[in-house]
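*Asks:* structure of the sequence below:
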Amino acid sequence: KTIKTFGGDEGRVHSRTIYVGHKSCPPNEAYIPPKFCDNRIVSSKYTVWNFLPKNLFEQFRRIANFYFLIIFLVQVIVDTPTSPVTSGLPLFFVITVTAVKQGYEDWLRHKADREVNEYRVSVLEDGRRIRKMSAKIKVGDIVEVEEDETFPCDLILLQSSRDDGTCFVTTASLDGESNHKVRCVAVYTGMETKMALNYQGKSQKRSAVEKSINAFLLVYLFILVSKALVCTTLKYVWQGKHDEPWYNEKTQKEKDTNQYLKMFTDFLSFMVLFNFIIPVSMYVTVEMQKFLGSFFITWDKDFFDPEIQEGALVNTSDLNEELGQVEYIFTDKTGTLTQNNMEFIECCIDGFQYKHGDGSSETYFDKKEELFLRALCLCHTEMGFIASSPDEIALVKGAMRYGFTFLGLESKNMKILNRNKDVETYELLHVLNFDPVRRRMSVMVRSKTGDILLFCKGADSSMFPQVRQEEVERIRMHVERNATEGYRTLCVAYKHLNAQEYARADADLREARLALQDREEKLMAVYNRVETDMILIGATAVEDQLQDEAAQTMEALQGAGMKVWVLTGDKMETAKSTCYACGLFKKNTELLELTLRTLEDGGRSREERLHDLLLEYHKKLLPFFPAVCCRSWSVAGHDYGFIIDGASLSMVLSSSSEPNSRRYKNLFLQICQNCTAVLCCRMAPLQKAQIVKLVKNSKGNPITLSVGDGANDVSMILEAHVGIGIKGKEGRQAVKNSDYAIPKLKHLKKLLLAHGHLYYVRIAHLVQYFFYKNLCFILPQFLYQFFCGYSQQPLYDAAYLTMYNICFTSMPILAYSLLEQHICIEVLLEHSTLYRNIAKNAMLRWKLFLYWTALGIFHGLVFFFGVRFLFSNPALQDNGQVFGNWSYGTIVFTVLVFTVTLKLALDTRHWTWINHFVIWGSLAFYVFFSFFWGGIIWPFLKHQRLYFVFANMLSSVSAWLVIILLILLSLLPEILLVVLRKPRGPHARQVTLNCIAGDPQSPQSSARPLLTRTFSDESNTVI
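*Replies:* As a prediction, this is how the structure comes out:
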């Protein structure tokens, strides 16, 4: 009637009393019904009511957005040379587009939540079975869960339809393995369930590109402030040397204004005048590029897996470019490198090897061999190919090959069909469940003759101390050989129990299972006491097959310059063999081992041995640079691999003294970073995350990626810069918590080497181009102040100021950042070393940033002084009239728009109809808009500054000539670079040939619109 639960390690520290079925409290008990949360799952960030304030708050935390908000307010409050519309409209556009994008992504989260919350479940109320939505389940409800249904919350088992009162629960979504385990429990709903608690606390990940943007932004803010200070200072210097002009006399109010206040106001006015050097629209373009670009991953046909009928999934689009910067890959083994598809290979009985083959099932077996096969049929929890371990199904199938078939469990009676086609019946007395500490499981059974037998199976390291030692050596050799070949091994033993031994064990087990305190410890003690002095019969070898193309994928990733670390809970021998099979360890790789086995050699304390081994390995790997952490691929042409287990890692990370701990961490990191591959075995999930964090925070802050398939990988997936989930046949915890999800490990190759490479190149060019074109835009405005008495006179019309970044130059760079392929997809996949060319944020380093800045300064100088040279001729029109200052600014702006757009055209290597449309369309739109804007008298404008200015400008042959010459002069270095540039690098010639090859009869045969195909198609790109 009542159930008391106690919180555990997952964050539930309180206890709760629950009345099952919401029965009323007895009158003699003082009980205040607590308020528990409902069963709604909420993974979304916003609601209808808080979306606007919360989203605005988050957006204005960005430096550029907050800066433009301040500029807009200054324009509204202070008399500035430009209209508030010039900064307000672009800011409104940026905020709106970003809000729509984030709102759409949150709507998808709401949609996913709704599917979970509206899932129909059966609930028993007043003896009636009713169907209700999962979200409406309350703590205390009695929920009926049928076979293959999903648990809607944390449940306590009250009753089962099985005769033995047990139920089998698949936890594939938790650990990535198709395991089925007995559970009895639970009364937590909604955001208090274990599943929901795993989602909470996810930190916001930021890409290296975003950090570079912020650094460049600070530089341009410094340039902006410097310009404003220079102009403010020179204004008052100029006014001190020149008398006040008669046509612009100061009003009495201006004369009475405080001088310092006036200087500050002038400084703000110059800040407003030059504020367009800060590319606020870059943020919305980057957001759109990431959001739209992420669809190319989901549309990629190469990522579609026919087995599960699914493709790739993008959970966040904010890290696309980070896929092109990965330096370290941390991968799980079971289910990630391997298929988690177990197959019985062979067995060893009494020291003799048995391998299934043609006719082997007819071999005569003696009593010990038959006893071994009976142990395989009885020592498990398999019920109709449902078991607590995938190995158990393989073992039961293996016994079937040799003529012993498990028929099932009926009323605690286990039935076996032996080789003679006779049915043997055993009464199941007790199951001693497997646990990760003991690493064994046992069953007690009674035969028809009344004999009581204990059958036990487990890992060799946990079984050998529990059996008679004369049997060990004959089995150990086979176990070690099988482990070296990459098989998962288990040892099998048995023990006869007399009546007194069984009576004591039965009493102890029943007492321990009824204990209210320390139940697990008491059970463990009984298990260990019973599982002693056993007779070792033999061992089994089960193969977990590698994922398709696992070896090729690892080879490509290593060739791309990435270090691969395998983090697994498996034993060292099995994991090591998997590393050899995947090609992470080569035949000539020298393995450096730091495990309990090596720490216990030499007769010294573990702490001393740890210190000696770390120094020894460090000296071997870094003989000349003892204090420097270098990330070479090998030392003097020699490959090294490093192996560490969980116990040794705990000693490294938490030494008894703080100085030693820091020293051990540094030595450990330097050793690992100079090895071609690292294997961490016997790892707990928390230790996996600790390893990732240790590398992520090391010198240089390398970009890390974690890939896994189960809930035990979630911690490292969340910790890494980029988290990849593998979509298995069952279980999606890793997928739900990942940034990207792919069906198979082999898809990681294209995700990184092709998509990641291109994403990074595109967005890096986008960032550099935005800063460049805004510097070109505002530098002439700054130079113009030297020729207008620092009067804050704008060079450009307000319409041009507003639309430059929104309309005239935005679409070409967006198309470029979505469609550019500077190298063919096929070549990127074939030559993985090309990935190294963009490593460590190569395209956003300060050297390239300064080049783009210098280019912007050069173009700005050409624009301004080229047009000024034109205006040195007083009569530019046929009628002898002269151009005014708005004509001057319009000519500069025309040269600017054409130059920066054609510069992008020269940078484009992959042309599609979309590129042609937006580049030439943007230029045509600028011309059309200028004619339209200046050809009509607009009633809402106080000053019609550009009335017929553009049309009048183009009537002058001199203006035409100067515009064309200045565009050519500005782009001449780029044109020469393109003409004279030769392919460089070892693969350059092959890259060029492959990219332009295509169909021999029609080189352009594959030049179809990119949006109607996927990246898996051929490309007609040239370089």
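*Asks:* what count of nearby residues applies to the residue nearest to His356 when sequence neighbours are not counted?
*Replies:* Distance criterion C-beta to C-beta, 6 or more residues apart in numbering; nearest residue to His356, sequence neighbours excluded, is Arg401 at 4.8 Å. Every C-beta, even on glycine, is put in place using the N, C-alpha and C of the backbone. Applying other C-beta atoms under 10 Å, we find 16 other residues in the vicinity of Arg401.
*Asks:* ok, Arg401 touching Tyr354?
*Replies:* No - here Arg401 does not reach Tyr354: they are 9.8 Å apart, not a contact under C-beta atoms under 8 Å.
*Asks:* okay, now the unreliable bits of the stretch 501-650 of the chain?
*Replies:* 601-603, 623-637 (pLDDT under 70).
*Asks:* please enumerate the helices of it.
*Replies:* In the stretch 501-650 of the chain, the helices defined using DSSP state H, counting those that start in this stretch lie at 519-530, 550-559, 572-582, 596-599, 606-621, 646-653.
*Asks:* most packed of those helices?
*Replies:* Among the helices of the stretch 501-650 of the chain, ranked by average contacts under mean count of other C-beta atoms under 10 Å, first place goes to helix 572-582 (a mean of 22).
*Asks:* what is that one packed up against?
*Replies:* Using 3 or more C-beta pairs under 8 Å, 6 or more residues apart in numbering; DSSP states H and E as the contact test, the elements touching helix 572-582 are helix 472-484, strand 535-546, helix 550-559, strand 563-567, strand 640-645, strand 677-681.
*Asks:* count the residues that sit near Arg120.
*Replies:* Arg120 has 10 neighbouring residues, counting by other C-beta under 10 Å.
*Asks:* could you measure from it over to Leu667?
*Replies:* 57 Å (C-beta to C-beta, to the nearest Å).
*Asks:* the domain parsing of this protein - what is it?
*Replies:* Domains of the chain are assigned by the TED database as 50-116, 119-200, 208-241+256-292+754-980, 313-337+547-618+638-742, 340-545.
*Asks:* re earlier: dump the helices of the stretch 501-650 of the chain to JSON lines, plus distance to Tyr220.
*Replies:* Formatted as JSON lines, the helices of the stretch 501-650 of the chain follow (distance: least, C-beta to C-beta, whole Å):
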{"stretch": "helix 519-530", "distance to Tyr220": "61"}
{"stretch": "helix 550-559", "distance to Tyr220": "37"}
{"stretch": "helix 572-582", "distance to Tyr220": "47"}
{"stretch": "helix 596-599", "distance to Tyr220": "55"}
{"stretch": "helix 606-621", "distance to Tyr220": "43"}
{"stretch": "helix 646-653", "distance to Tyr220": "42"}
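*Asks:* closest to Arg945 out of those?
*Replies:* helix 550-559 (58.7 Å; C-beta to C-beta).
*Asks:* with just CA atoms, put that closest one into CSV.
*Replies:* In CSV, the C-alpha atoms belonging to helix 550-559 read as follows (Å, rounded to 0.1, in the frame of the first residue of the first chain):
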residue,chain,number,x,y,z
ALA,A,550,35.9,0.4,-39.7
ALA,A,551,39.6,-0.1,-40.7
GLN,A,552,39.3,2.2,-43.8
THR,A,553,37.6,4.9,-41.7
MET,A,554,40.2,4.8,-39.0
GLU,A,555,43.0,4.9,-41.6
ALA,A,556,41.5,7.9,-43.3
LEU,A,557,40.9,9.8,-40.1
GLN,A,558,44.5,9.2,-39.0
GLY,A,559,45.7,10.2,-42.4
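*Asks:* and the angle for that helix with helix 572-582?
*Replies:* Put simply, helix 550-559 runs at 80 degrees to helix 572-582, going by axes from the mean of the first three to the mean of the last three C-alpha atoms, to 10 degrees.
*Asks:* got a list of contacts for helix 550-559?
*Replies:* 329, 337-338, 564, 581-584, 676-677, 745-746, 748-749, 752-753, 829, 832-833 (C-beta atoms under 8 Å, 6 or more residues apart in numbering).
*Asks:* do that again at 6 Å, thanks
*Replies:* 337, 582-584, 745-746, 748-749, 832-833 (C-beta atoms under 6 Å, 6 or more residues apart in numbering).
*Asks:* do the same with stretch 588-606
*Replies:* For stretch 588-606, the surrounding residues in contact (C-beta under 6 Å, 6+ apart) are 609-610, 613, 617, 639-645, 647-648.
*Asks:* could you pull out the helices for the stretch 851-1000 of the chain?
*Replies:* For the stretch 851-1000 of the chain, applying DSSP H, counting those that start in this stretch gives helices covering 885-907, 913-935, 949-954, 957-980, 988-997.
*Asks:* Cys807 is nearest to which of these?
*Replies:* helix 913-935 (6.9 Å).
*Asks:* for the closest one, enumerate the helices and strands it packs against.
*Replies:* Applying 3 or more C-beta pairs under 6 Å, 6 or more residues apart in numbering; DSSP states H and E, one finds that helix 913-935 contacts helix 810-819, helix 885-907, helix 949-954.
*Asks:* ok, back up a step: most neighbours per residue, which of the helices of the stretch 851-1000 of the chain?
*Replies:* helix 885-907 (a mean of 22).
*Asks:* what's the end-to-end length of stretch 322-342?
*Replies:* Start-to-end span of stretch 322-342 (C-alpha to C-alpha, to the nearest Å) is 35 Å.
*Asks:* follow-up on the earlier one: so can I have a markdown table of the contacts of stretch 588-606 showing distance to Glu520?
*Replies:* Below are the contacts of stretch 588-606 laid out as a markdown table (distance: C-beta to C-beta, whole Å):
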| residue | distance to Glu520 |
| --- | --- |
| Arg609 | 32 |
| Leu610 | 31 |
| Leu613 | 35 |
| Tyr617 | 38 |
| Asp639 | 44 |
| Tyr640 | 41 |
| Gly641 | 37 |
| Phe642 | 35 |
| Ile643 | 31 |
| Ile644 | 28 |
| Asp645 | 24 |
| Ala647 | 21 |
| Ser648 | 26 |
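*Asks:* determine which two of those are furthest apart.
*Replies:* Checking these with C-beta to C-beta, the most distant pair is Asp639 and Ala647, at 26.2 Å.
*Asks:* so who does the nearest residue to Phe295 once chain neighbours are set aside touch?
*Replies:* Distance criterion C-beta to C-beta, 6+ apart; nearest residue to Phe295, sequence neighbours excluded, is Val314 at 8.0 Å. By C-beta under 6 Å, 6+ apart, the contact set of Val314 is 294, 297-298, 740.
*Asks:* what's the closest of the residues you listed to Ile806?
*Replies:* Ser294 (23.5 Å).
*Asks:* quick one: that closest one and Leu337, what's the gap?
*Replies:* 26 Å.
*Asks:* what do you get for Cys347?
*Replies:* Between Cys347 and Leu337 the computed distance is 25 Å (C-beta to C-beta).
*Asks:* who touches the nearest residue to Gln793 once chain neighbours are set aside in this structure?
*Replies:* Using C-beta to C-beta, 6+ apart and skipping the chain neighbours, the partner closest in space to Gln793 is Pro81 (6.7 Å). Contacts for Pro81 (C-beta under 6 Å, 6+ apart) come out as 269, 273, 792, 794.
*Asks:* now those residues as CSV including secondary structure, neighbour count and pLDDT?
*Replies:* As requested, the contacts of Pro81 are arranged in CSV below (DSSP: H, G, I helix; E, B strand; the rest coil; neighbours: other C-beta atoms under 10 Å; pLDDT from 0 to 100):
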residue, secondary structure, neighbour count, pLDDT
Ser269, helix, 23, 85
Leu273, helix, 25, 85
Gln792, coil, 20, 82
Pro794, coil, 22, 87
